[in-house]
Structure formats: structure tokens, C-alpha cells
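In: Fold the following and give me the result.
(one chain, ligands or ions: 1)
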Amino acid sequence: MMEAFLVRDGVLHCAGHSLERLAQEFGSPLYVYNGLAIKDRFQGLKRAVSPVDAEVFFAVKANSTLAVLQLLAGQGAGMEVVSGGELYRAREAGVPDERIVFDGVGKTAAEIRYALEGEIRFFAVESVGELNRLNQLALEAGRRARVSLRINPDIDPQTHRYISTGKRENKFGFDFGGIRAAYDHADELDHLEVVGLHMHIGSQILSNQPHAQALAKIRPLVEELKERFANFRYLDIGGGLGIRYRPEDQPLIPERFAEAILPELAGLDLQVMLEPGRYLVGDCGVLVTRVEYVKQGGAKRFVVCDAAMNDLMRPMMYQAYHEIVPVRATGGERTPVDVVGAICETGDFFAEDRPLEAVEPGTFLAVMCAGAYAFTMASNYNTRPRGAEVLVDERGARLVRRRETWADLIALERPYCEEQDERQGF
Ligand code: LLP
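Out: Modelled structure (predicted):
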């Protein structure tokens, strides 16, 4: 597996470009993605599952920047979307509808209508209410909508409880015991065509067992559905492959994943689909941030950065661990510090009590594994503009999203007083 970021002459580089230089050129906070590594992850996964007829889709929620979608689509990736907005992005990125699936537990009528303007591969439906709504809207659009039903296989993916999705108590999918009845119902609706089954059991899964267990559990059902529905041809097994956040993590590499799932898929004669997000981009991105201050508190030492929880929510939301390294190594002794942002919340930290080389204000840190669920979960809290994004590949380093300005942040607002209206030219 290609390393996405390498130290050269003491400075962290991305595909031959110094992160220090990039931060000086494009400013910070800066998300930097290694496009070569993203292609490497995609091709590696595709190769590993190639013994069966398998396609790799990308979960757009992990990183929905158009350039990233285009890069992946160019490799042959399809797109898994969970909102009208993500569908819009995928279409704007030029992804053909046939390579788009629409998942999600709460699709609105407007989103479904928008999807029905084209011919997406299928809707992954999660409730009877959604089946009925989709049927009605397909009727109004004069169409038949292709559907896969999402099963909740009640498997414990052994991950953080906020990102576990395939257990009975989770809101996702049809209950294992009730899904046959749901397929019966779908069969009765004239404007739906059953084409497959969908599952996604959770995220950041490091063992290769949960997917295999889920597949073993659903296989009799899949075989039955294949017999029953003439056009049943897709088995979408979701995403969830975990990456290395901590040095000691064993990432779920494609070979180990394939080894466990391929035997469960053998002989099924279906089009298998995967829809990972994190695996394809997670370790291919970093968040570069400038040290603003180093401050000694009463009990702790703080490194205060220009990036904050609004740029990377994961530590605050999931107590997630992200490696943090000085972009230019100082070689100094490591002492425990809290790496924090400027936001007025005590929970605004990237790391607590983390041994870090001594760093000076004005130097840069890289928060690793910020390619997935970083920018896409960023907010403007504290009226902080979201950072710029740079994509690096064989053609060089390109700005793929400019930094937001303060003006961007109020652009959608309307003033309260009329006089101000004129004065400020709203
Ligand atoms: N398919 C479905 C239906 C999903 O809900 C998800 C992720 C994926 C695929 C992609 O999962 P992945 O391969 O990336 O694990 N914000 C959290 C992760 C939430 C994942 C939600 N669903 C985080 O930062 O860890």
C-alpha cells in the first residue's frame, strides 16, 4: 500500500510536495489530499475483490469535494449518496446515474423526485413508509423505481456505538425478521422493481469477521430473493473498512477483508457492490494547521492551533484519535500537551496529553487521517470560515476548494432593519 505522506529531509511531504510549502502558498487550515494514494486504495480494493463480480462505489459522505469525486469516478468508482445534495454533487461531478445508489433512512419527497429525474441504479429503501412514498412518486413521474431493501442483520461490528449501524437497536434498515414481508409489500407496488439487497453494518471496522458473519447470516435470504425476483441482481454489502488511526491499529486491508468475505459470496452469481468511504480517502488526507500560541496553563501545556473542532469534529464527537506530527520535525524531546483550537468550548481539542516535540508559534502541524469525515463534517461554528482543500497528484498540487471568506459566511443572510438594508447594500 502506497504511503500517502512521507517525511523527506525532516519535512512531511505529499506526493513530492512539501506540506510546509503548500501551507505557505495556500494558507491554513489546509486539507491536503494525495490523489495518487486515493487511486491506489481504490485499485487495491477492486483487485482484492475481483475474484467475484464486484464493483466499488464510494460513500460520498466521507469526502464530497467535486474534484475527489471526479478523481474516483475516473477510476471507475460508482457513488453512494444519502441526500439530494450528495446526489447533486455526484451528478455535477459527471457520474452517470447508472453508477449512483441512493441510501438513507429519511429521503424526503423532494429528494426522491430529484432522483427520479434520472435513472439511478437503485434506491436502498429502509422502511415500508418509504416504499409507499417511492411508489407514489414513481407513479407521478411515470416511472418504475428500482429498489434494494436494506437489511439490518443484527451484527455487532465492534466499533464506536455512534458508527455502528447494523444492530437491532439501530435505526437503519429492515429488521431481519420483517424483511420478507417488506419484500412482499414491494412486490405488490406497481411502480417499484426489486433489484437487490443492501446492508451496511457500521464504520471503522478493523476485524474481517463482522461482514463475513453478516453475509453468512443473510445468504439463505439472498438465495431465496434471487429465486423469487426475476431482476434481483445486486448485493450491496456496504462499507465500513477501518483504517489505521493509531500506530498500533491493524487496518482492515483489502486482502484480509476479501479473505473473509469471498467464501461467503462464492457461487451466488450476483453483482456484488461495496460502498466504502473512509477506506478510500481517510489516510490519504491531512489537515495542516499553524501553531498560534504555546501556552502553559495551571495544570497543562497547550498548543493552540488555527484549526479547531469546526474543521475536524471527530475527536470531540467520537473521542477519536488522530496522529499529530510537526510538519517540520524539530527533533526535540516529546512532552505531553493538549493540542487545541480557538473555539470557546473545553471539548475543542485534537489531542489531550499527547507527547509532542516542542513546537514554536508560526510552525505547522499535520493532523493525520483527515481525508474522510473531516471537511465533510466541518462547520462554521464561531463564524470560522472553512479551510481550503488541495489535491495533489502527478499533475501537481491544485486548489480544489478555495478558503471561505467572512463575506461568504454572511452571504445568505438578510438584515433585520430596512435602513441597514440600504446602508450595507444587502
Ligand atoms: N454506506 C452507508 C449506508 C453508510 O451509512 C456509510 C457510512 C458508508 C457506506 C461508508 O462507511 P465507511 O466505509 O466510510 O465506514 N462520521 C463518522 C462515520 C460515519 C459513517 C456513516 N455511514 C466518523 O467520522 O467516523
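
In: quick one: the helices in this structure?
Out: Using DSSP state H, the helices found in the chain span residues 19-26, 35-48, 66-75, 84-92, 109-116, 128-140, 179-188, 209-228, 254-265, 278-281, 314-318, 406-410, 418-424.

In: Break the protein into its domains for me.
Out: Following automatic domain parsing, one gets these domains for the chain: 6-32+282-410, 104-274.

In: still on that earlier bit, mean neighbour count, mean pLDDT and distance to residue 150 for the helices of the chain - can I get that in JSON lines?
Out: Using the backbone N, CA and C atoms, a C-beta is placed for each residue, glycine as well. Shown next, in JSON lines, are the helices of the chain (neighbours: other CB atoms under 10 Å; pLDDT from 0 to 100; distance: least, CB to CB, whole Å):
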{"stretch": "helix 19-26", "mean neighbour count": "18", "mean pLDDT": "98", "distance to residue 150": "40"}
{"stretch": "helix 35-48", "mean neighbour count": "20", "mean pLDDT": "98", "distance to residue 150": "22"}
{"stretch": "helix 66-75", "mean neighbour count": "20", "mean pLDDT": "98", "distance to residue 150": "23"}
{"stretch": "helix 84-92", "mean neighbour count": "19", "mean pLDDT": "98", "distance to residue 150": "17"}
{"stretch": "helix 109-116", "mean neighbour count": "17", "mean pLDDT": "98", "distance to residue 150": "15"}
{"stretch": "helix 128-140", "mean neighbour count": "17", "mean pLDDT": "98", "distance to residue 150": "10"}
{"stretch": "helix 179-188", "mean neighbour count": "16", "mean pLDDT": "97", "distance to residue 150": "9"}
{"stretch": "helix 209-228", "mean neighbour count": "17", "mean pLDDT": "97", "distance to residue 150": "11"}
{"stretch": "helix 254-265", "mean neighbour count": "18", "mean pLDDT": "98", "distance to residue 150": "18"}
{"stretch": "helix 278-281", "mean neighbour count": "31", "mean pLDDT": "98", "distance to residue 150": "19"}
{"stretch": "helix 314-318", "mean neighbour count": "18", "mean pLDDT": "95", "distance to residue 150": "23"}
{"stretch": "helix 406-410", "mean neighbour count": "12", "mean pLDDT": "98", "distance to residue 150": "36"}
{"stretch": "helix 418-424", "mean neighbour count": "10", "mean pLDDT": "62", "distance to residue 150": "48"}
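
In: if we can go back for a sec, any chance of the domains of the chain in CSV, with distance to residue 91 too?
Out: Converted to CSV, these look like this (distance: least, CB to CB, whole Å):
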stretch, distance to residue 91
domain 6-32+282-410, 18
domain 104-274, 7
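
In: What residues does the stretch 1-150 of the chain have near the ligand?
Out: Within the stretch 1-150 of the chain, the positions adjacent to the ligand are 59, 62, 80, 103 by CB under 6 Å from any ligand atom.

In: Out of those, grab the one that's most surrounded.
Out: Among those, residue 80 has the most neighbours (other CB atoms under 10 Å), with 30 neighbours.

In: ok, now which ones touch it?
Out: 57, 58, 59, 60, 100, 101, 103, 239, 275, 277 (CB atoms under 8 Å, 6 or more residues apart in numbering).

In: For residue 87, see how far away the closest residue to it other than its chain neighbours is.
Out: Nearest non-adjacent residue to residue 80, counting by CB to CB, 6 or more residues apart in numbering: residue 275, 3.9 Å away. According to CB to CB, to the nearest Å, residue 275 stands 14 Å off from residue 87.

In: can you pull the pLDDT of the spatially most central residue of the chain?
Out: Among the residues of the chain, the one closest to the centroid is residue 62, at 1.4 Å (CA atoms, centre = their mean). Note for residue 62: predicted pLDDT of 98.
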